[in-house]
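Novice: missing the sequence, but the structure's below:
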């Protein structure tokens, strides 16, 4: 399965923000990577470079590769509504992202692995496709034999995030995808309009 497996702090430093969550290494060196570190003179970025950086940030943030991301953009472009907002809504509606948001996994890559290894169910059916698109009303649960996995228990114990478009039943280890999130509810710091402008060239 194709996915980014390289150094994460380096990517976070490239964008100047901890896109993979809390990172002590990033806090120590929150300047761009490279041989000359903070001393390197960096010229003014072109409009294209700024747009490209924003697209790369969104891709790394959600763990999506170029072809998949392009397909999501094309789907968003054909949909009714603001293209950039619909693009982020499609990213948020992915099964691996929702597993992460519900707190079943502490990271999106971990959520992707849980889905791939058949630990997650949607409407009581095992789904092992991380990019599976959820619809409002879908119930995401932990497979019965996986409920005792220590990694899931630890993640749920340490999770304090609450999102308005999701609800969680801790007794059954089940969450409901209540509605498609509005842009204002999505916490990711992504300027989606720049991505639209890049793909519209």
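Specialist: Noted; the coordinates are in hand. All figures in this text were calculated on a predicted structure; none of them were measured in a lab.
Novice: list the contacts for residue 178?
Specialist: Residues near residue 178 by Cβ atoms under 8 Å, 6 or more residues apart in numbering: 136-137, 164-167. Where you see a C-beta, it was placed from the backbone N, CA and C, and this is true even at glycine.
Novice: among these, which two are most distant?
Specialist: Maximum pairwise distance among the contacts of residue 178 (Cβ to Cβ): 15.6 Å, between 137 and 164.
Novice: check contacts around residue 95.
Specialist: 115, 120, 122, 127, 129-134, 140.
Novice: tell me which element the residue nearest to residue 191 when sequence neighbours are not counted is part of?
Specialist: What sits nearest to residue 191 in space, not counting adjacent residues and going by Cβ to Cβ, 6 or more residues apart in numbering, is residue 54, at 5.3 Å. For residue 54, the host element (DSSP states H and E) is helix 47-62.
Novice: go ahead and flag the most central residue of this protein.
Specialist: residue 62 (2.9 Å; Cα atoms, centre = their mean).
Novice: which residues does that one contact?
Specialist: Residue 62 is in contact with 91, 94, 97, 108, counting by Cβ under 8 Å, 6+ apart.
Novice: which positions in stretch 137-146 come out as buried?
Specialist: Judged by neighbour count using 16 or more other Cβ atoms under 10 Å, the buried positions of stretch 137-146 are 138-143, 146.
Novice: cool, stretch 178-189 as well?
Specialist: 181, 186.
Novice: can you give me the end-to-end span of that stretch?
Specialist: In stretch 178-189, first residue to last residue: 23 Å (Cα to Cα, to the nearest Å).
Novice: run the chain-centre distance for it.
Specialist: Relative to its parent chain, stretch 178-189 has a centroid offset of 12 Å by Cα atoms, centre = their mean, to the nearest Å.
Novice: same question for stretch 64-82.
Specialist: Put simply, stretch 64-82 sits 15 Å off its chain's centre (Cα atoms, centre = their mean).
Novice: what residues does that stretch touch?
Specialist: For stretch 64-82, using Cβ under 8 Å, 6+ apart, the contacting residues are 2-4, 55, 58-59, 83-84, 86-87, 89-91, 131, 183, 195-196, 199.
Novice: how about the strands in the chain?
Specialist: For the chain, the strands defined by DSSP state E cover 120-122, 125-126, 139-142, 166-169, 174-177.
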